[in-house]
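Novice: Give me coordinates for this.
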Amino acid sequence: MKKILLIPALALCAISILFFSACYKTDINAGTTSADPNHIPPDQTVIASLRGRVIDENGVPMEGASVVSGGITTTSDVNGLFSFSNISMSSRWGYVKVSKTGYYTGSRSVITNGAASNYVNIQMIPRAETGSFAAGAGGVIVVQPGDSAAFGANMVVTASTNAAYTGTVHVFTKYLDPTDANLYKYMPGDLRGIGTDGKETALQSFGMLLVELQGDAGEKLQIMNGQSATLTWAIPSGLQSVAPATIPLWYFNDSTGRWIQQ
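Specialist: Okay, here's the model as predicted:
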């Protein structure tokens with residue numbers, strides 16, 4: 001029997017809503033000793049260099065993508081390459097964001113080595129409308145067979161003004177399969193997060209769902225504060241035997257590059 005997750009969506013200020021059902025493992029650095037019960041060095045700001053490559057869904061180098069890290073912006077070249085020199089980065093959460101028209105924002109979080117040039121690969125995910133609904137009526141968007149995102153009536157606002165939106169809500173969704181061996185290439189951040197106890201922890205994914213809302217004029221929309229949507233998706237059959245009875249919900253903060261436990 002399939003295990004289905006029915007999870008109320010968090011009302012976010014961010015436009016992109018990426019939810020992550022995961023169990024978490026607190027010992028992410030087994031074998032070391034530290035006064036910190038989680039065995040994690042403190043976060044600090046370091047000056048580091050970073051280079052990498054942006055590719056599309058077929059592995060082809062992507063030219064002209066906007067890449068941001070450490071408050072500095074650059075553009076990928078004809079080979080999809082980019083680089084930053086001597087930028088200010090978090091030692092625990094070095095973060096790179098990539099944007100390109102027609103694609104979801106790509107990103108990568110890294111443990112930054114201030115004494116070396118850090119390297120990342122980022123694969124971009126094509127962005128396409130999955131479905132739509134009238135804001136005043138609500139609706140259910142089928143992400144793929146068996147997986148859906150359900151929205152109630154009068155629960156969507158314009159992100160820039162927080163005013164109620166009354167037009168058609170265009171929904172862009174993408175399911176990220178946790179059994180895909182290449183998941184690390186295109187998932188946001190990495191498999192680390194901050195738990196409700198405030199501590200960094202390693203994660204194991206049981207599925208991710210990316211949801212973006214857009215208005216008729218292309219304006220960014222979001223769920224109204226105090227309202228919730230319902231996301232439903234199946235745990236892959238290969239993971240059902242190891243999935244716990246209940247799984248925490250995590251969301252991705254695309255400003256800090258961290259998964260946060262809800």
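
Novice: how about the residue nearest in space to the middle of the chain, what does it touch?
Specialist: Compute the mean C-alpha point of the chain, and by C-alpha atoms, centre = their mean the closest residue is Pro188, 4.0 Å away. Shown in contact with Pro188 (C-beta atoms under 8 Å, 6 or more residues apart in numbering): 18, 105-107, 252, 254, 257. Quick note: C-beta positions are derived from backbone N, CA and C, even for glycine.

Novice: Doesn't it lie inside a strand?
Specialist: No - according to DSSP: H, G, I helix; E, B strand; the rest coil, Pro188 belongs to no strand; its state is coil.

Novice: From Ser83, how far out is it?
Specialist: 22 Å (C-beta to C-beta, to the nearest Å).

Novice: can you check Thr246 too?
Specialist: Thr246 is 44 Å from Ser83, by C-beta to C-beta.

Novice: where do the strands sit along the stretch 101-250 of the chain?
Specialist: Using DSSP state E, counting those that start in this stretch, the strands assigned to the stretch 101-250 of the chain run over residues 106-110, 117-123, 129-134, 139-144, 147-151, 156-158, 168-176, 192-194, 200-214, 220-223, 230-234, 249-253.

Novice: Out of those strands, which one sits most buried?
Specialist: Between the strands of the stretch 101-250 of the chain, strand 106-110 has the highest mean count of neighbours, a mean of 23, where neighbours are mean count of other C-beta atoms under 10 Å.

Novice: picking that back up, in terms of pLDDT, where does the residue nearest to the centre of the chain sit?
Specialist: Looking at Pro188, its pLDDT reads 95.

Novice: And it, its phi and psi?
Specialist: Per-residue torsions, Pro188: phi -70, psi 140 (degrees, to the nearest 10).

Novice: For the closest residue to Met62 other than its chain neighbours, which residues are in contact?
Specialist: Taking C-beta to C-beta, 6 or more residues apart in numbering, and ignoring the residues beside it in sequence, Met62 has Val54 as its nearest neighbour in space, at 4.5 Å. Counting by C-beta under 8 Å, 6+ apart, Val54 makes contact with 61-62, 65, 67, 76, 80, 82, 98, 100, 106, 122-124.

Novice: closest one to Ile40 among the strands of the stretch 101-250 of the chain?
Specialist: strand 200-214 (5.1 Å; C-beta to C-beta).
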